[in-house]
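> structure for the following, please:
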Amino acid sequence: MHRVILLLDFAEEYSKLLLKGISAYSARNGQWSFCRMPLYYREMIGVKGIADWAREWKANGIIGQLYNEMEEGFLAEDIPVIAQDFKERFEKIPNITGSYRETGMMGAEYFLNKGYYHFAFYGFNNIVWSRERAEGFESAVQEAGYEVNYYEHKKSHTADMWYYKSKSLSKWLKNLPKPVALMACDDNRAVHIIEACNHNNIKVPQEVAVLGVDNDMTFCELSDPQLSSIDLDIERAGYESARLLDEMIRTGEKNIRDIIVPPLKIITRSSTDMYASSDEYVAEALTFIHRNIDSNILVDQVVKEVPLSRRALEKRFLKITGQPVYKYITKVRMERLAQKLLSTDQSVFELALDLGFQDSNNLARQFRQLTGFAPGEYRKRFGSNTTSFKR
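Next comes the predicted model:
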């Protein structure tokens, strides 16, 4: 049985999901013993203090959020260490890191498919996961022929929650071309943007569509409007981190490989559930659709919301969204179903009733056409991944 020190920020959803994956590996491989060390011990006792504690507790390994300047100190200690790269990647210690550029590209492609041609990014230039997400976002946007507007934090402390009162941030948001697709480096910063928009009477998502990263349910669902976010395969990374630490302990190797956290999918909520449109009538139609998507709305109901004939609205709608009105309604309803499949434990039949579907078989067929999965398969594939981890 291994004894492992966990030096993580247990208040963060990211660390909690890592811990779930680590715990899953432990349960299947000997039920390890853990010491959850408070994160402030980094500053309070440093490398030597942590190493002394590890020796006294007879720890076999450490997984933690460490400062890069601690790298050489831990290398000198006779204990395997895996570091979460919460600032920059380590060179000689295995990292729990991410496909950050891929994540940024996923965000850009999501917005491009919604018809946006104004883009913005909000984050830090001095932190690897923010900087590389911005690079991926910009590369995809520039490849499509557009440019990215940037606003960078002057501080990088995760507790700086009230930046929306900053005059410079407010000025930046007001001066952005509208409608604009804005990706933030994480959910925390995305909530900053939504709060800043609310403070300055900027409509989300009609004027600024906001996308975060991590799919932290606390941030996403308490935000007003609720925040769309890129979901990451964090639990699996925790599982693979434990597997790597097990290997390091058994072989004595200290720098074997990094653990990569890939993006899985985008969870669409209210902060991005609009299509970019400078056509006021199409915008009105889109607003009506998204406000009433939980009911069985018909195209004729949408037409009644605008002073246009059905033919005229269909022509404009197709030009803006690339889809007829009825197909767009179906697509958004399937996205709503996908969200509910992952956020509730209701049966597919119950969800069909809630969303106004008369025929659950037809719902399953339409859902498979959009996602490639039947509803039950989708929930199993993209819900909690712990049960699918391999030994």
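> strands along the stretch 201-350 of the chain, start to end?
Applying DSSP state E, counting those that start in this stretch to the stretch 201-350 of the chain gives strands spanning 208-213, 228-232, 259-261, 263-267.
> including mean neighbour count, distance to residue 322 and mean pLDDT, could those go into JSON lines?
Bear in mind the C-beta positions are built from the backbone N, C-alpha and C, glycine included. Putting those into JSON lines (neighbours: other C-beta atoms under 10 Å; distance: least, C-beta to C-beta, whole Å; pLDDT from 0 to 100) gives the following:
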{"stretch": "strand 208-213", "mean neighbour count": "28", "distance to residue 322": "17", "mean pLDDT": "97"}
{"stretch": "strand 228-232", "mean neighbour count": "24", "distance to residue 322": "20", "mean pLDDT": "95"}
{"stretch": "strand 259-261", "mean neighbour count": "22", "distance to residue 322": "32", "mean pLDDT": "96"}
{"stretch": "strand 263-267", "mean neighbour count": "20", "distance to residue 322": "18", "mean pLDDT": "91"}
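> what's the closest of those strands to residue 381?
For the strands of the stretch 201-350 of the chain, proximity to residue 381 was assessed by C-beta to C-beta; strand 263-267 is nearest, at 9.3 Å.
> hmm, back to that, tabulate the strands of the stretch 201-350 of the chain in CSV, adding columns for distance to residue 42.
As requested, the strands of the stretch 201-350 of the chain are arranged in CSV below (distance: least, C-beta to C-beta, whole Å):
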stretch, distance to residue 42
strand 208-213, 24
strand 228-232, 24
strand 259-261, 20
strand 263-267, 28
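> which sections of the stretch 151-300 of the chain are below the confidence cut-off?
Scanning the stretch 151-300 of the chain for pLDDT under 70 picks out 153-165, 278.
> nearest to residue 43 among the strands of the stretch 201-350 of the chain would be which one?
Comparing the strands of the stretch 201-350 of the chain by C-beta to C-beta, strand 259-261 comes nearest, at 25.1 Å.
> tell me the strands beside that closest one, with direction?
strand 95-98 (parallel) (DSSP bridges).
> could you give the mean pLDDT of the partner strand?
Across strand 95-98, the average pLDDT comes to 97.
> distance of the closest residue to residue 341 other than its chain neighbours from residue 364?
Distances taken as C-beta to C-beta, 6 or more residues apart in numbering place residue 379 nearest to residue 341, at 4.5 Å, with adjacent residues excluded. Look at residue 379 and residue 364: by C-beta to C-beta, to the nearest Å, they are 12 Å apart.
> about what we covered before: between the strands of the stretch 201-350 of the chain, which gets nearest to residue 128?
Here strand 259-261 is closest among those (C-beta to C-beta), at 12.5 Å.
> contacts only, for the nearest residue to residue 100 once chain neighbours are set aside.
Nearest residue to residue 100 in three dimensions, chain neighbours excluded: residue 132, at 3.5 Å (C-beta to C-beta, 6+ apart). Going by C-beta atoms under 8 Å, 6 or more residues apart in numbering, residue 132 touches 100-101, 104.
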